[in-house]
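Chemist: Show me the folded form of this:
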Amino acid sequence: MRYSQYFLLLFMLWAPLAGWGEAIINEIHYNPPDDGLEDGSYREFLEIYNPGPEVIDLSGYEIAAGITYKFPHGIRLTSGAYLVIARDPTHRTWRNKSYTILGPFEGKLSDSGEVILLMNAAGTTLESFRYSDSPPWPIGCDGYGASLERISWDLPAEDPHSWRSSLTEEGTPGRKNSVASIPHRPFLTAYAFDPPYPTSQESVRIRIELDTPRDIASVNLYWERAGVDQSPSSGGPPWKVPMERTTESAESVTYEANIPPARSQTIIRCVVEIQRTDGQTVRLPHAGEPAPFLSYFVYDGEITSLLPILWILPPVPTTLIYPSRAVSAVACLPRDASNPDLFDGAEVRNSRNGQKARFIKGREFYGDRTINIIPEEPTGGTNPGVSSPFREHLGFWFYREMNVLSPWAEFYRVVALPAQTGAAPKQQLVVEQVNENFLAMHGLNPTGDLYKRVYSNPNWEKHTNKDEGTDSIKMLEAAIQVNDPVKRREAIERYLDQESFLNYSVASVLTSNWDGFWNNHWMYLDPRPGSRWIIIPWDLDWLWGTTTAEMYARMPLSFPIDGVAIGAPQASRAPGPITSPLHKDPEFYREYERRLRIELSRHFTIPKLTSKMDETQSLLLNDLKWIEQQTGTSRTRRYDIIRSSYVDIKRFVAQRWDYLDSVLPVSVEDWAAY
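Modeler: Residues are numbered from 1 along each chain as shown. Got it, this is the predicted structure:
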């Protein structure tokens, strides 16, 4: 059966329902973004609309799949009126509204899509359809702020053509949908650029594929530049190019056009405007999507770098959509790769210690959803100042060497776009963010409980399953914080992955991670019964002594228990709520001391650590020479910072090794007799 015949049959089957004067599902807010520590799921809602001329008595109506909710007696919906069923009708979102708000409903709207079923009081199915967070369904409503809005009540709910991401933040509950005037066809089903990785000498042929060719009269291409090439030209931006109709079938049609060359390190963004046979126009991709355009990156390979290259385009307004909004982007050339990858629409924003780049689902940064970009010279929020990136880089490497589940951390050559800002390339540390993608990439269940231990209240910051509360970590604390050593040992064996905590504790004590027991770490629990907690390091700028003072190299073995830094009160900390009772356990503590002694001759050796530091220092210094040659600038201060940072860390390693060797009970050679 051809697509057009299939759609006609669907419409004929569905159309009688639309004439019965029944309510319809008009809007779904299934994945609201989080606001800080607030769980966005509390703002979930489903909107009901009465498109008919008569009042509808909703008594006994029911949402019976996906979420569940039964309408109370006496609920009526007048002609053209809206009604919201909220997950949490007491949430501040719903205060002082003029429309009816019901709830709470049972369950949670799935972030990945599920079946929604609306039935009337007689048990007759009025609407049943499965929404999705994957194309051809919109993705702008999947955690990016928009809701999923229906274009028109008389379009079939099960057809993704009938829905768009809202053009309004948090959607349009209780009022006309923002996408109501948008034609529902055609869809952009495929596109390609030729060449896919153009240089500044090459024009680019864009080819698009659209469905429903019978509705299309003509297509125009609109395009703009972002990044290095800001050169003015007549007629734009955006520039308009008529597209040529090339191949066609009953189900699809292709159009092509040429885009002229642009300067290297420029992003070209474009949209297509379809003139329909009924006189309406529609622009694709839809303006409500996180990347509302098609795009590519122009690059001549002119940058010589020993580091992978990261281009950062801050949020800049686009001329391709109305109303315009600012959109950011990231491009990356991995080490030893030939062509850069463009992550257009990635959200780049400032954070407490630099920048965060959050990538679009399905267009992750080589699997990672979020990365942290640390300043070349941190000036605030960090104790060791400009040496912080070198300490964190070496720290995350060392934890991974110690078989501790840890984020990756790598130095990148970071180029700020556009180049006219005058910002020279930087050597910046990029650190993987611990989140659901991090868990999945390491073979862990991303639906588990993930907490971050922070210094501010609340001390446990939950990052997944926020709507379920913090009972899981409270239960762990209650079980392990007991005075009875037998019960504490039982709790340790039942709730903690001791190997994870041993490796973490040993790595933290070897490197003098002063913050790493009472805060600055993550904890994760797999949702399956019988699973045990693991610990993950974070924020490692306190490692390797922090300053040249020898007192920082004298963290006592008992520090994980009481947080007391003998002779260095400024480095003392409150004991950790989990790690302190754990280290009070004699069996764990004995193994902890044994591992410390072993690691003094295995991973925490002066030759091994010196070799890693020399390798990184040589890489950064040689890369810095290339930056100087390419920019014609002198980076004397940068040379000094790199060298002095590693001199300080090496001094600490020697002092720390001597101290631990003097306080650990026995030598490695004598351990068998201990």
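Chemist: Tell me the helix or strand right after the helix or strand harbouring residue 332.
Modeler: Assigning secondary structure by DSSP states H and E places residue 332 in strand 326-333. Sequence order places strand 341-344 as the next helix or strand after strand 326-333, per DSSP H and E.
Chemist: by contact count, what packs against that following strand?
Modeler: Using 3 or more C-beta pairs under 8 Å, 6 or more residues apart in numbering; DSSP states H and E as the contact test, the elements touching strand 341-344 are strand 266-276, strand 294-298, strand 326-333. Every residue, glycine included, has its C-beta placed from N, CA and C.
Chemist: repeat that with 10 Å
Modeler: strand 266-276, strand 294-298, strand 309-317, strand 326-333 (3 or more C-beta pairs under 10 Å, 6 or more residues apart in numbering; DSSP states H and E).
Chemist: Which one, of those strands, ends up nearest to residue 661?
Modeler: strand 309-317 (41.0 Å; C-beta to C-beta).
Chemist: Please save the CA atoms from that closest one in CSV.
Modeler: Listed in CSV are the C-alpha atoms of strand 309-317, where the atom choice follows Å, rounded to 0.1, in the frame of the first residue of the first chain:
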residue,chain,number,x,y,z
ILE,A,309,40.8,21.1,18.6
LEU,A,310,37.6,22.4,20.0
TRP,A,311,35.8,25.3,18.4
ILE,A,312,33.3,27.1,20.6
LEU,A,313,30.6,29.4,19.1
PRO,A,314,28.8,31.2,21.9
PRO,A,315,25.0,31.8,21.5
VAL,A,316,24.5,34.1,18.5
PRO,A,317,21.1,35.2,17.0
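Chemist: The chain should start at 769 in everything you say after this.
Modeler: Yes, from this point I'll number from 769; that puts the last item at strand 1077-1085.
Chemist: That strand pairs with which strands?
Modeler: strand 1094-1101 (antiparallel), strand 1177-1184 (parallel) (DSSP bridges).
Chemist: Relative to residue 1252, which of those strands is closest?
Modeler: From these, taking C-beta to C-beta, the stretch that ends up closest is strand 1177-1184, at 40.8 Å.
Chemist: Next, the angle strand 1177-1184 makes with the helix or strand following that closest one.
Modeler: Once the chain leaves strand 1177-1184, the next helix or strand it forms, by DSSP H and E, is strand 1194-1200. Between strand 1194-1200 and strand 1177-1184, the angle comes out at 130 degrees (axes from the mean of the first three to the mean of the last three C-alpha atoms, to 10 degrees).
Chemist: For strand 1194-1200, which helices and strands make contact with it?
Modeler: strand 1077-1085, strand 1122-1126, strand 1138-1141, helix 1156-1169, strand 1177-1184, helix 1374-1399, helix 1404-1431.
Chemist: Quickly compare these and say which is most buried.
Modeler: helix 1156-1169 (a mean of 23; mean count of other C-beta atoms under 10 Å).
Chemist: Quick one: mean pLDDT over it.
Modeler: Here helix 1156-1169 scores 97 as its mean pLDDT.
Chemist: Report the backbone C-alpha coordinates of that helix in PDB.
Modeler: Output in PDB follows, covering the C-alpha atoms of helix 1156-1169 (Å, rounded to 0.1, in the frame of the first residue of the first chain):
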ATOM      1  CA  SER A1156      44.300  23.500  38.900                       C
ATOM      2  CA  PRO A1157      43.900  22.100  35.300                       C
ATOM      3  CA  PHE A1158      47.200  20.200  35.600                       C
ATOM      4  CA  ARG A1159      46.300  18.800  39.000                       C
ATOM      5  CA  GLU A1160      42.800  17.700  37.800                       C
ATOM      6  CA  HIS A1161      44.200  16.200  34.600                       C
ATOM      7  CA  LEU A1162      46.800  14.100  36.400                       C
ATOM      8  CA  GLY A1163      44.200  13.300  39.100                       C
ATOM      9  CA  PHE A1164      41.600  11.800  36.900                       C
ATOM     10  CA  TRP A1165      44.300   9.800  35.000                       C
ATOM     11  CA  PHE A1166      45.600   8.500  38.400                       C
ATOM     12  CA  TYR A1167      42.200   7.400  39.600                       C
ATOM     13  CA  ARG A1168      41.600   5.500  36.400                       C
ATOM     14  CA  GLU A1169      45.000   3.900  36.800                       C
END
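Chemist: Could you give me the buried positions within the strand holding residue 1100?
Modeler: 1095, 1096, 1097, 1098, 1099, 1100, 1101 (16 or more other C-beta atoms under 10 Å).
Chemist: Would you convert these into CSV that also reports pLDDT and distance to residue 845?
Modeler: Formatted as CSV, the buried residues of strand 1094-1101 follow (pLDDT from 0 to 100; distance: C-beta to C-beta, whole Å):
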residue, pLDDT, distance to residue 845
1095, 94, 38
1096, 95, 42
1097, 96, 44
1098, 97, 46
1099, 97, 50
1100, 98, 51
1101, 98, 56
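Chemist: for the helices and strands packed on strand 1194-1200, which one sits closest to residue 1337?
Modeler: helix 1404-1431 (17.7 Å).
Chemist: list the buried ones in the strand or helix carrying residue 977?
Modeler: In the assignment (DSSP H and E), residue 977 maps to strand 972-979. Neighbour counts over strand 972-979 (16+ other C-beta under 10 Å) mark 972, 974, 975, 976, 977, 978, 979 as buried.
Chemist: Check stretch 1232-1246 too.
Modeler: Under 16+ other C-beta under 10 Å, the buried positions of stretch 1232-1246 are 1232, 1233, 1234, 1238, 1240, 1241, 1244.
Chemist: and the two most separated of these?
Modeler: Among the buried residues of stretch 1232-1246, 1234 and 1244 lie farthest apart (C-beta to C-beta), at 17.4 Å.
Chemist: Can you tell me what sits against stretch 1246-1260?
Modeler: With contacts defined as C-beta atoms under 10 Å, 6 or more residues apart in numbering, stretch 1246-1260 is touched by 1243-1245, 1262-1264, 1266, 1269, 1300-1301, 1345-1350, 1352-1356.
Chemist: Could you tell me the end-to-end distance of that stretch?
Modeler: End-to-end distance for stretch 1246-1260, by C-alpha to C-alpha, to the nearest Å: 12 Å.
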